[in-house]
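1. just the structure for this:
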Amino acid sequence: MSRIHRALEKAREKRKEHKLTTGSASPLEKIIYTDSHVVPVCHTQLEKNRVVSRSSNDPRSQLFRTLRTTILKQMRAHNWRSIGITSPSPEEGKSLIASNLAAAIAMEVNYTALLVDMDLRHPGVTDYFAIEPELGLGDYLKGEAEIGDLLVNPGVERLLLLPGRGSLENSSELISSPRMVALFNEVSQRYKSRIVVYDMPAILPRDDVLAALNRVDCFLMVIEEGRDSEVDIRKAIQSMHNANIIGTVINKSQTVESGYMPSVA
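-> This is a model prediction of the structure:
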């Protein structure tokens, strides 16, 4: 075997070893998750749970793909790698929007997506993906697990979940803790192709989101039509005046058949 052939063979082996070890791959290669738990979820179950952005049959899927494309365009322009999804008040649909957005981003061959459930008191992402994690973000923050122990692939290629589990009362203090700062740095810097989607708590009830403002590149505001007063919406936006709010999603809208009306400015 010539030196050129030996060099090519060695390069191929190194790429193979790297892919199997980290779960990373070039855009056209199938990712093999060796360090993350793989919990296959039926796509029919995802659609039943309203995670429809990957569906070829649900008309709502195109809205989420359009939202994804618009958001990624802005994020590329500013070299942003992470986005937080929040709302003025609880139960406005932010977790559903975050789940669909992350699944849609994972369809882009140039990106992988990591969906982090940061609602430490009321985690809900796992409900949409129909999984029951053995460990969650709270276990990491309490020093009882490491990041790699938490990651789950829900059978959707290019998508990882970092789930929540249980309820933690001292949530804002934990978000400001050194371990959370280390997590912010690790998940956003490990892979250049990764977009991190944080499902954040609501803004008005507590200060969790404010504790993370300097750690998340940009934010998307989810507002349920007719739920919040104009005063509450203004208060929520003003409390995040130092953050990059790139747009809003009007959820449960009566003006569009799908119930979603994305608006990214």
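2. show me the domain layout of the protein.
-> 1-32, 38-264 (automatic domain parsing).
3. could I get those as CSV with mean pLDDT and mean neighbour count?
-> In this view, the C-beta of every residue, glycine as well, is placed from N, C-alpha and C. Compiled in CSV, the domains of the chain are given as follows (pLDDT from 0 to 100; neighbours: other CB atoms under 10 Å):
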stretch, mean pLDDT, mean neighbour count
domain 1-32, 47, 12
domain 38-264, 89, 18
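4. can you tell me how far the residue lying closest to residue 174 once chain neighbours are set aside is from residue 168?
-> Spatial nearest neighbour of residue 174, chain neighbours left out: residue 141 (4.7 Å); criterion: CB to CB, 6 or more residues apart in numbering. Distance, residue 141 to residue 168, using CB to CB, to the nearest Å: 7 Å.
5. what's the overlap in contacts for the two?
-> 120, 174 (CB atoms under 8 Å, 6 or more residues apart in numbering).
6. just checking, residue 117 touches residue 199?
-> Yes - taking contacts as CB atoms under 8 Å, residue 117 lies within contact range of residue 199: 5.2 Å.
7. overlap of the contact sets of these two?
-> Listed as contacting both residue 117 and residue 199 by CB under 8 Å, 6+ apart are 95, 124-125.
8. reformat the residues you listed as a markdown table; add secondary structure and distance to residue 193.
-> Shown next, in a markdown table, are the shared contacts of residue 117 and residue 199 (DSSP: H, G, I helix; E, B strand; the rest coil; distance: CB to CB, whole Å):
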| residue | secondary structure | distance to residue 193 |
| --- | --- | --- |
| 95 | helix | 24 |
| 124 | coil | 27 |
| 125 | helix | 21 |
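9. could I get the residues you listed in JSON lines, plus columns for distance to residue 239?
-> Output for these, formatted as JSON lines (distance: CB to CB, whole Å):
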{"residue": "95", "distance to residue 239": "20"}
{"residue": "124", "distance to residue 239": "22"}
{"residue": "125", "distance to residue 239": "24"}
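10. between those residues, which sits nearest residue 248?
-> When the shared contacts of residue 117 and residue 199 are compared for distance to residue 248 (CB to CB), residue 95 wins out at 16.2 Å.
11. and the helix or strand residue 236 falls within, how far out from the chain's middle?
-> Assigned by DSSP states H and E, residue 236 falls within helix 230-239. Mean-position distance between helix 230-239 and its chain equals 24 Å (CA atoms, centre = their mean, to the nearest Å).
12. C-terminal to it, what's the next element?
-> strand 245-251.
13. list the contacts for residue 49?
-> Counting by CB under 8 Å, 6+ apart, residue 49 makes contact with 127-130.
14. before we move on, what about residue 47?
-> The contact partners of residue 47, by CB under 8 Å, 6+ apart, come to 55, 57-58.
15. of the residues you listed, which belong to strands?
-> Secondary structure defined by DSSP state E assigns none of the contacts of residue 47 to strands.
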